[in-house]
Every structure is written in structure tokens, then in C-alpha cells.
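**Student:** Predicted coordinates and the sequence they were generated for:
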Amino acid sequence: MACTDNHNNNTITYSKTDPINKKVDSLIKIMTLKEKIGQMNQYNGFWDVTGPAPDNGDAEIKYEHLKNGLVGSMLSVRGTKAVRAVQKIAVEESRLGIPLIIGFDVIHGYKTLSPIPLAEAASWDLEAIEKSAQVAAAEASAAGINWTFAPMVDISRDPRWGRVMEGAGEDPFLGSKIAVARVKGFQGDDLSAVNTIAACAKHFAAYGFSEAGKEYNTVDIGNSTLHNTVLPPFKAAVEANVKTLMNAFNEYDGVPATGNEYLLRNILKDKWGFKGFVITDWASIKEMVIWGYAKDKRDAAKIAALAGSDMDMESHIYVSELEQLVKDGVIDEKIIDEAARRILTVKFELGLFDDPYRYCDETREKEVVNSPKHLDVVLDMAKKSIVLLKNENDLLPLKKQGQNIALIGALANEKNSPLGSWRIASKDNTGVSVLEGMQNYKDNNLIYKKGADITVGDTQFVNELTINTTDKSEFNEAIDVAKKADVVVMVLGEHGFQSGEARSRTDINLPGVQQELLEAIYKVNKNIVLVLNNGRPLSITWADKHIPAILETWQLGTQAGHAVAQVLYGDYNPSGKLPMTFPRNVGQIPIYYNHKNTGRPVRDAFNPELVFWSHYSDVENTPLYHFGHGLSYTTFKYENLALEKTVFGMDETINISVGITNTGKVTGKEVAQLYIRDLVASTTRPVKELKGFELIELQAGETKTVNFVLNKASLGFYNNQGDFIIEPGTFEIFIGGSSQTTLNTRFELE
Ligand code: BGC
């Protein structure tokens, strides 16, 4: 029991073996209103905590608040020394000595980095994703952190939005499975273990639908999209016992998410029974004033607290306003008690009251952070995240001997960009570059030429980038090398900081002069393997038309270059499938596989010249690469799609089987995907909905039968009131290696 009154010796009355709710109750009883509000206050790291105490400005106020028990949490304080120092103030100097919960953005790793989350989603490998989160939790917890602001579970259909790199793509079913895997990976089975941390599903809700993909923008979606597309991954995370949720910067239906009672209380806390706590996003209480939703700070505090935002991240408003609001009778103290209780419960569950320094073991920090064992895990994850988009004439894998290979592109020699955008704790330039990865294959003659820079000047996480749109002075050197090469490998795409928060783009082609470089090289050598590095789907229509082999490698983290090289040389057979649609051009956005049919989906068969159908006159309706698309160095054949019968009762389980054969020459893995279509319903349903997937490995020539199960939960949907309903009728099912599969059958649900 860590909690005693340090000044008045007012010891708490619970015992170690009491259940957590009893401990929390007895603690709440002796807390002043101010102290309870203090638990609801989170500050960013504010001074060199291992140095002298600050004596002026914002830092001094934060320090005073910390000493006086008016801070419940800190974010972005990291490393055992720094965490111990702030924890010591909270525990030893405040009246009750309540430990802090220490939060940090551990988005795809702490120091050792996994691929960006969108890339991991392309693996469809839930076990690997869970392991990757375990590694992140192990390193972060060894560095003093006990709470991550991840997973980001925002579904998005808009690659202009830079934060798609942080999520799992466009599909709520895949997104829900991945949300659960990540929560499990971070939190483990025992939150009080020293190598697990509390997770945070964010951003609640609908942030991924910011209009026109513009960061922090208005969201205006209907109820059907909210309930069927946006909310399912959050609900899945709650069912997986996620300890916290973060609200979103956007408004939903005219109400900022931070003050949205419908989302936070009615749905999350009441309907879903969420027991953890809600943290606001950075300063989002304050921003309600700027939105024009709250009059002033006091009004904003009232709205956020009543709506159900439990902890204030860096608005500094709960701590300044809530006490008076309670004293004035505007807010019932019960609201404060509820929030404090939720926060304290998580602190107890983490074991912080047993030992507030349990995450501050320097020996463990040295052993665990950057452990070589973690490199194997992130390398495995990186290989699994790669998607082979195109491979004409089997240009890939590359031959291992006797080849002249020209490696071209600034990103080929990058050790920073592969680390992605959210990697605050990791050291710059610690990723393995593609050049380094390819240099391990020594029996070819590899020559590297940059061709052109992507950016100009300094690149920082927080600053706008300057893209090189003019300097082509190194094109010629690259062209000369390409002329003499048997194969050209071009690594092109986005700088690591071009995606992530506040990195929206209206043009999602290859940035800068890279498209020109690609075309200039193509003029002298058509044997090009295009290796893409990017944090979002790109529109690479020209490349798809001309370049024979295209490999999507995203930003793959610390081991990026090794993973890419092993796939290029066939030491690893790629099996990734796209978690998000690649458009032909930006005008098609939003374009996603699970769209509605419309009343005019196809051209008039008898009068094909007529324009009155749902289409564009300048580009075809299909995307460049579909959701679920991804090739392998082998091929797979699907056949014998079988259902045990064709009519099922509501409560029956529907067993489906399909035979899959590896029809190529090498062993390969395949993600078999099951989609349904509900043909007629009380609200229109998507033309396809993913409802199952299986990752299987097959030797050359081998056939396996894969079984899928559908039930009520898979066949129902949310009506516009947010109720889950199941309606009888005809369902079509499709199974195959992408969302474009046509292998199908039907059944009736009675
Ligand atoms: C982001 C959150 C993040 C928070 C703390 C905000 O700007 O939207 O996702 O967790 O900062 O760093």
C-alpha cells in the first residue's frame, strides 16, 4: 500500500488483499475535491526533471501542481531516471502520495521499431502483430512508461489523411481483429506484470473521416457509417478490456468529440459498459472554445466533464475550472468521483500503488531496450508487411549471382525515413537502409546512385517539410548506371515525415521529381523493380502501366532494409495484402471496396453510349489496387467452395469450406478472404463485407481445405439507431485472395 497522507499521517484503511474497487473507494473517501480533480489532470513533461526544480513560468506551475497532488498523469517523460524523478515528487511530496500514470506515444515500438501500423495491418497476421506490440510494451515499460496512446483504431477511406499510417486501413472487420491483437500485445494477460502497459484505443470517434482528408477537419457522416464502420474496432477493443480511450480532435454531427455525450456516455460508458477512463486528445477541451462550441474555459470544462472525458491532456482546464463548477452546483461531485475512480482503478491494476517505481529499474532498462532479440521480431514483422503489387515476367525474385544491379533513389540510402513518423524515442538514422540490406547479397555487382533528393534542408517531426521539386542535377549519373544494369531497383515514395499527424496531402503521387526520375530511367532500361516507401496508399498509375515489378514496402522500421532485400532476393516469399485501396487518382477518393451498389452501378447493356450510370467520364470506376490485393512468388487456386446446405435458421452456424492449391513452384503463404453480401436489407448494405480470413502456408503443389464459420454476429448489422439487427434473406458469399474474387455461392437465412 503506497498511499499515505505524507503530511497529516492520515493512513488509508484498505489492506493489500482487498479488491481494487474497495481500495479505490477508501482512497476516494479521504481525497479532497481538489485532489480528485488533480487525478483528472495530465501534463506534458516540463523540465529537466533530473536537474534543479523550475522556479518560473509554466514549468513552475506544473511543478507546484505535481507537489500538491494536482497531477494524475504525465506524458512524454521517458527513461527510468526521468520517470523516477517525477514519480518521486508525486509519491513523496504530495499529501496522499498517489503515483502518476506515465503515458507515451508508443505507436509502433519504443526504440526498436516495428513497421508503421498500416504496414503491419498488411500482414493480416494477428499473432505477429500481437508480438510486435509485446516488444513495444516490453521496451516502453522498461523505460518507465506504463501507458501507451495506442492502438489507433480509426478506420479511414482517405489516403490524403496523413494519419492513415497509424491505423489498420479501411475495413472494420480487419481493423477490429487488429485492434484486439494490439490491445492484447500491450496489456498481456496481467496488467500488473512489469512488461505490460495500459493501452489506449484512439481517437474516439470518426477522426478518420475528416472531410477531404484534411487534418483536424469537420466530420460529417451518417449513423450507418458511424455504427457499422467507425465504431466496431473501438467496441472490439473495449471487449478486449482496453484500459483507456482517447477522444478525437474532430467534431461529430456538430459536437466536438471531447464534449460528445452521445459518444462518450451513451455509447461507450453506458451501452458498452466501458470501465476504464477516457483521456482527451492534446488540448482538445480548450479547442472546443475555438470550435465555437464552448463560451470560455469554464464552459469547456463543464461540457467535457459532463460528456465523460475523464482526464484532461494539456488543456490545463480541469485543474483550473472544475472545483468552482462543483462548488457552484453546476457539476455534481459524483461526476468527479466517477472520473477519479476510473483513473485510480487503472493505477491499481498496473500495480503502481504496490510499487510506484516498478517501471523504473535501470538494469532492466539496459537489458530490455534495444535488446537484440527484439530485432528478430521486428524483422519478421517487416517481412510479413510487404505487399507484392505487380510482378510481370517473374522479374522478382532477383537472381542472386552475376547481375549488374543499379539501385536508385534517395530512399534507398535512407536510415531515417524507414523509421516512419511516430518514433519519438528512437534514435535518428537507426533503420537499416535498402542499400545496406542489398549489400548482404555479395555475388551481384550493386551500384547505388541517388538520382534526386526528396526533401530540401532539415527534416523534423514537428516542422513542415520542403520537397525537392526542381533539383534534377543527379539524374544523369543515375541514368548512366541504369543503362548498363541488368535490373534497376528504384526505391521511391514518401519521406518518413510526409505521413502521420498533420501531414495531409492533396496530391498522392510520388512526391517531388521522383516521377520524372522514374520515367527518365525507364527510357534507358525497362527492367525496373519499383520499391515503394510510403505511409499511405499512393496513386502510381503510370508506374502500374509501365513498370514490370512493384513492391509495397511502406516504412518498415528498424530492420527495413534487411526485410526488403530478403524479399527482393526471394529468401522470403511475400504474402502481404493491402489493408487499404490504392486509387488511380486522387479524384476517386474516397474509394473503398465495401461501397454501396447505388441504383445505377453499371452501364446500360443495350445502350452503352448513355452516360446515366454511376461513373466518371475521365477514369474507370475500379481502383488501381484493390483492398486485399497482394501477390506471391507462387500462385494459388481456389476451388470447391462448399456449404453444407443452402437454407439456414437464424441461430445456426454456417460452415463453409474451400480448397486452396499452391499451383506454383515454391512454398508460399496466402491470406484466404471471406466476404459476404446481404442482398436486400432494411438499410442498403455494401457490395462486399469482409467476414473472415485465414493465413495459410502451402508447399508447391499442396492443397488444403480451409474452413470458415459464419453466424448471427457476422450476418447482422447496425440500424440507424445503433441497434444490432439480423434480418432474414439471401446472402452471397465470396472467397478468394482479394476483395475482387468472384468465386461465390449463396444461401438463405430464415
Ligand atoms: C495526437 C494523439 C497523441 C497525443 C499525445 C496528439 O496530437 O493526436 O494521437 O497521442 O498528441 O502525443
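**Tutor:** Nice, I can see it. Residues are numbered from 1 along each chain as shown.
**Student:** Please identify the buried residues of stretch 658-672?
**Tutor:** Residues 658, 660-662, 664, 668-672 are the ones in stretch 658-672 that count as buried (16 or more other C-beta atoms under 10 Å). Any C-beta I mention is one placed from the backbone N, CA and C, and that applies to glycine too.
**Student:** Among those, which one sits closest to the ligand?
**Tutor:** Among these, V671 lies closest to the ligand (C-beta to the nearest ligand atom), at 28.7 Å.
**Student:** Does that closest one belong to a helix, a strand or coil?
**Tutor:** strand (DSSP: H, G, I helix; E, B strand; the rest coil).
**Student:** A59 now?
**Tutor:** helix.
**Student:** residues from the chain in reach of the ligand?
**Tutor:** Contacts of the chain with the ligand, taken as C-beta under 6 Å from any ligand atom, map to 75, 105, 149, 202, 281-282, 501.
**Student:** Which of those residues fall within helices?
**Tutor:** Using DSSP state H, no member of the residues of the chain next to the ligand falls within helices.
**Student:** Give me the buried entries from those residues.
**Tutor:** 75, 105, 149, 202, 281-282, 501.
**Student:** related to what we said a few turns ago, what two of the buried residues of stretch 658-672 have the greatest distance between them?
**Tutor:** Farthest pair in the buried residues of stretch 658-672 (C-beta to C-beta) is V658 and G664. Separation: 18.2 Å.
**Student:** so what's R84 up against?
**Tutor:** 144, 357, 360 (C-beta atoms under 8 Å, 6 or more residues apart in numbering).
**Student:** So which of those sit within helices?
**Tutor:** Per DSSP H, the subset of the contacts of R84 in helices is empty.
**Student:** can you give me the strands for the stretch 151-300 of the chain?
**Tutor:** Using DSSP state E, counting those that start in this stretch, the strands of the stretch 151-300 of the chain run over 200-204, 244-247, 251-252, 255-256, 277-279.
**Student:** Would you tell me which of those gets closest to K577?
**Tutor:** Of all these, strand 200-204 comes closest under C-beta to C-beta, at 23.6 Å.
**Student:** Show residues contacting that closest one.
**Tutor:** 103, 147-154, 179, 183, 233-234, 237-238, 242-250, 257, 263-264, 268, 278-279, 281.
**Student:** any idea how far the residue of the stretch 101-250 of the chain found nearest the ligand is from R182?
**Tutor:** Nearest residue of the stretch 101-250 of the chain to the ligand: F149, at 3.4 Å (C-beta to the nearest ligand atom). Separation of F149 from R182 (C-beta to C-beta, to the nearest Å): 12 Å.
**Student:** can you pull the contacts of the residue in the stretch 501-650 of the chain positioned nearest to the ligand?
**Tutor:** Taking C-beta to the nearest ligand atom, the ligand has its nearest neighbour within the stretch 501-650 of the chain at E501, 5.5 Å off. E501 is in contact with 162-163, 215, 421-422, counting by C-beta under 8 Å, 6+ apart.
**Student:** can you rerun that using 7 Å?
**Tutor:** By C-beta atoms under 7 Å, 6 or more residues apart in numbering, the residues touching E501 are 162-163.
**Student:** D507 too?
**Tutor:** By C-beta under 7 Å, 6+ apart, the contact list for D507 reads V586.
**Student:** SS state for it?
**Tutor:** Quick answer, by three-state DSSP: D507 is coil.
**Student:** Show me what the mean pLDDT comes to for stretch 508-517.
**Tutor:** Stretch 508-517 comes out with an average pLDDT of 98.
**Student:** Identify all contacting residues around it.
**Tutor:** Contacts of stretch 508-517 (C-beta under 7 Å, 6+ apart): 159-160, 451-452, 454, 467-469, 472, 475, 478, 492-494, 498, 518, 536-540, 542, 586.
**Student:** The same query, at a cut-off of 8 Å, please.
**Tutor:** So stretch 508-517 is contacted by 159-160, 408-409, 451-455, 467-472, 475, 478, 490, 492-495, 498, 518, 536-540, 542-543, 583, 586 (C-beta under 8 Å, 6+ apart).
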